[in-house]
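**Student:** sequence and predicted structure, then a few things I'm wondering about:
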Amino acid sequence: MAEFIKGGGSILAFRLSAAGANSVPGSTEVADITTKYELPFTTESFNPVGEFISSNAIAGGRSRGIGCIGNKAGDGSFDTEITIGNLLWLMYGALGEVSLHEEIGLGGGTYTAGTIIPSDGDLPEFSIYIRHGSTNDMSYQFDNCVVNSFRMAFSSNALLSASIDWAGKNQNPDGTGVDFTASDFVAYSSDQVLVCPIRIGTEITHYNDVVWTGDGGLSTSFNLLPYITGLEFTINNNLDTDTNALNASGRLAIISGELSVTGSLTMLLPNANADDDDINAFHEFLRDMDVGTYFGDIVIDIFKVMDSGSPTEGDTDYEYYTLTLGNLYTTQPVHDITDRTKMAYRIDFQATADPAGTLSGKTVYPIQLVYVNSEGTDDYVILHEAGGTPILTYTF
């Protein structure tokens with residue numbers, strides 16, 4: 001009886017092939033463009049793309065003549081679970097620029113990417129490696145791939161995951177049927193801490209300097225976590241991929257377009273509370289919300305380790321991230337009633353740049369990710385083998 005290839009035996013890996021923008025002050029950036037890192041993917045669809053050009057010659061019959069191939073490239077998408085190790089580099093792929101460094105490792109002296117922001121120029125390029133089945137017969141390599149869109153969703157009943165669409169310059173025929181795990185390959189392991197719901201700690205903080213003024217008994221920020229049930233956002237780079245080589249060898253370039261960061265949050269609507277000024281202010285803010293209302297900033301911490309004394313709290317003595325969705329404006333407030341139970345309130349938003357820093361002031365960018373390492377030991381998980389180097393390092 002014939003055996004069939006099963007998806008459960010597949011492997012997906014990525015490798016940085018060209019770095020994005022570096023604005024770390026006074027630094028020289030060193031990129032590791034040889035190591036391939038396995039990702040814990042859940043779905044994958046990467047394929048060669050192109051056009052079959054039919055011959056329209058009339059040659060004594062109704063049938064078309066033999067044609068030719070044009071506009072060859074390699075595009076695709078995959079969904080992957082997010083870990084403390086891969087979040088930094090996947091967001092780097094989607095946004096493209098490192099603006100600050102972070103010191104890691106025993107005794108210090110090693111610096112890697114610390115703050116990821118949107119690039120105004122080129123985005124990083126990656127090679128994507130795929131193997132189907134337990135042998136190398138169906139192994140493929142797609143080169144010079146750039147993130148077109150990146151969607152990440154927080155949920156109470158699922159691991160944090162990302163859906164990533166890529167545009168590539170070409171499928172590399174030299175990578176077909178090759179064992180890409182034979183060298184310079186880091187396999188996914190349990191050391192890569194998966195981001196489950198508890199790792200966001202006890203706060204999702206809302207900043208809005210119009211609402212949370214600190215005056216009259218009000219706070220200067222508001223914790224959304226007691227009310228929020230879902231949060232998702234999408235980074236869209238709107239790539240220009242109409243750059244095909246005349247000899248159909250692939251795309252000549254992949255050009256970044258207008259950056260768009262959109263998303264939505266879903267929450268339960270609190271009642272007004274005469275004994276709580278913050279609740280009253282938040283209630284009124286949601287009641288009066290309209291299309292175009294300035295929403296503010298949302299800040300989320302993602303922790304590698306939870307505090308042993310208070311398990312719901314994140315431990316900042318270890319690795320953690322701070323993700324900021326900045327300068328949000330409401331594009332659609334939705335508060336429909338569908339039955340007699342809870343009323344879900346959804347806010348669709350668009351994140352914007354605030355170069356002058358005149359709004360809530362948490363970031364001038366529509367989105368940024370800050371990586372912090374407070375461990376001061378060799379036991380850090382930044383997607384590299386023991387004794388190796390991170391994807392990006394900096395010297396000064």
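**Tutor:** Looks like it arrived, so ask away. Numbers count the residues shown, from 1 in each chain.
**Student:** all helices of the stretch 51-200 of the chain, in order?
**Tutor:** If you assign secondary structure with DSSP state H, counting those that start in this stretch, the helices in the stretch 51-200 of the chain sit at 87-95.
**Student:** how about low-confidence regions in it?
**Tutor:** 105-108 (pLDDT under 70).
**Student:** what about T395, how many neighbours?
**Tutor:** Using other C-beta atoms under 10 Å, the number of residues around T395 comes to 12. Just so you know, the C-beta spots here come from the backbone N, C-alpha and C atoms, and that holds for glycine as well.
**Student:** show me the contacts for it.
**Tutor:** Under the criterion of C-beta atoms under 8 Å, 6 or more residues apart in numbering, the contact partners of T395 comprise 27-28, 30, 111.
**Student:** one more time with 6 Å
**Tutor:** The neighbours of T395, taking C-beta atoms under 6 Å, 6 or more residues apart in numbering as the test, are T28.
**Student:** how close does the residue nearest to Q192 when sequence neighbours are not counted get to P173?
**Tutor:** By the measure of C-beta to C-beta, 6 or more residues apart in numbering, the closest residue to Q192 outside its immediate chain neighbours is T83, 4.0 Å from it. T83 sits 32 Å away from P173, taking C-beta to C-beta, to the nearest Å as the criterion.
**Student:** quick one: which of those two has more around it?
**Tutor:** Taking other C-beta under 10 Å, T83 and P173 do not tie; T83 has more neighbours (23 against 10).
**Student:** now do the contacts for the more buried one.
**Tutor:** When the contact criterion is C-beta under 6 Å, 6+ apart, the partners of T83 are 192-194.
**Student:** got the CA positions of stretch 189-204 in PDB?
**Tutor:** These are the backbone C-alpha positions of stretch 189-204, laid out as PDB (Å, rounded to 0.1, in the frame of the first residue of the first chain):
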ATOM      1  CA  SER A 189      12.900  23.500  20.800                       C
ATOM      2  CA  SER A 190      11.000  23.800  24.100                       C
ATOM      3  CA  ASP A 191      13.500  26.600  25.100                       C
ATOM      4  CA  GLN A 192      11.500  28.900  22.800                       C
ATOM      5  CA  VAL A 193       8.800  30.000  25.300                       C
ATOM      6  CA  LEU A 194       5.400  30.100  23.600                       C
ATOM      7  CA  VAL A 195       3.400  33.300  24.300                       C
ATOM      8  CA  CYS A 196       0.200  32.000  26.000                       C
ATOM      9  CA  PRO A 197      -2.500  34.300  27.400                       C
ATOM     10  CA  ILE A 198      -1.000  34.500  30.900                       C
ATOM     11  CA  ARG A 199       2.200  36.100  29.600                       C
ATOM     12  CA  ILE A 200       0.600  39.500  29.100                       C
ATOM     13  CA  GLY A 201       0.500  39.900  32.900                       C
ATOM     14  CA  THR A 202      -2.200  42.000  34.500                       C
ATOM     15  CA  GLU A 203      -2.300  45.200  32.400                       C
ATOM     16  CA  ILE A 204      -3.100  46.400  28.900                       C
END
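**Student:** that stretch: which residues count as buried?
**Tutor:** Neighbour counts over stretch 189-204 (16 or more other C-beta atoms under 10 Å) mark 192-193, 195, 199-201, 203-204 as buried.
**Student:** spatially central, which residue of this protein would that be?
**Tutor:** Among the residues of the chain, M91 comes closest to the average C-alpha position under C-alpha atoms, centre = their mean, at 4.0 Å.
**Student:** what about the strands in the stretch 101-250 of the chain?
**Tutor:** Assignment of strands within the stretch 101-250 of the chain using DSSP state E, counting those that start in this stretch yields the ranges 110-118, 125-132, 138-154, 161-168, 170-171, 185-186, 204-207, 222-223, 228-236.
**Student:** for the residue nearest to the centre of the chain, what are its contacts?
**Tutor:** For M91, the residues meeting the contact criterion (C-beta under 6 Å, 6+ apart) are 116, 369.
**Student:** what do you get for the one 10 residues further on?
**Tutor:** For H101, the contacting residues are 24, 111, 114, 394, by C-beta under 6 Å, 6+ apart.
**Student:** mind doing that once more with 10 Å?
**Tutor:** With contact set as C-beta atoms under 10 Å, 6 or more residues apart in numbering, H101 has these partners: 22, 24-27, 29, 110-115, 371, 392-396.
**Student:** who does it bridge with?
**Tutor:** On the basis of DSSP bridges, H101 is bridged to A113.
**Student:** ok, it to M267 distance?
**Tutor:** When C-beta to C-beta is applied, the distance between H101 and M267 equals 36 Å.
**Student:** tell me the buried residues in stretch 4-16?
**Tutor:** In stretch 4-16, the ones that count as buried by 16+ other C-beta under 10 Å are 11-16.
**Student:** please work out the average pLDDT along that stretch.
**Tutor:** Here stretch 4-16 scores 85 as its mean pLDDT.
**Student:** first-to-last residue distance for it?
**Tutor:** 32 Å (C-alpha to C-alpha, to the nearest Å).
**Student:** now do it: distance to the chain's middle.
**Tutor:** The offset between the C-alpha centroid of stretch 4-16 and the centroid of the whole chain comes to 20 Å, using C-alpha atoms, centre = their mean, to the nearest Å.
**Student:** please apply the same query to stretch 188-200.
**Tutor:** Taking the mean C-alpha point of stretch 188-200 and that of its whole chain, the gap between them comes to 15 Å (C-alpha atoms, centre = their mean).
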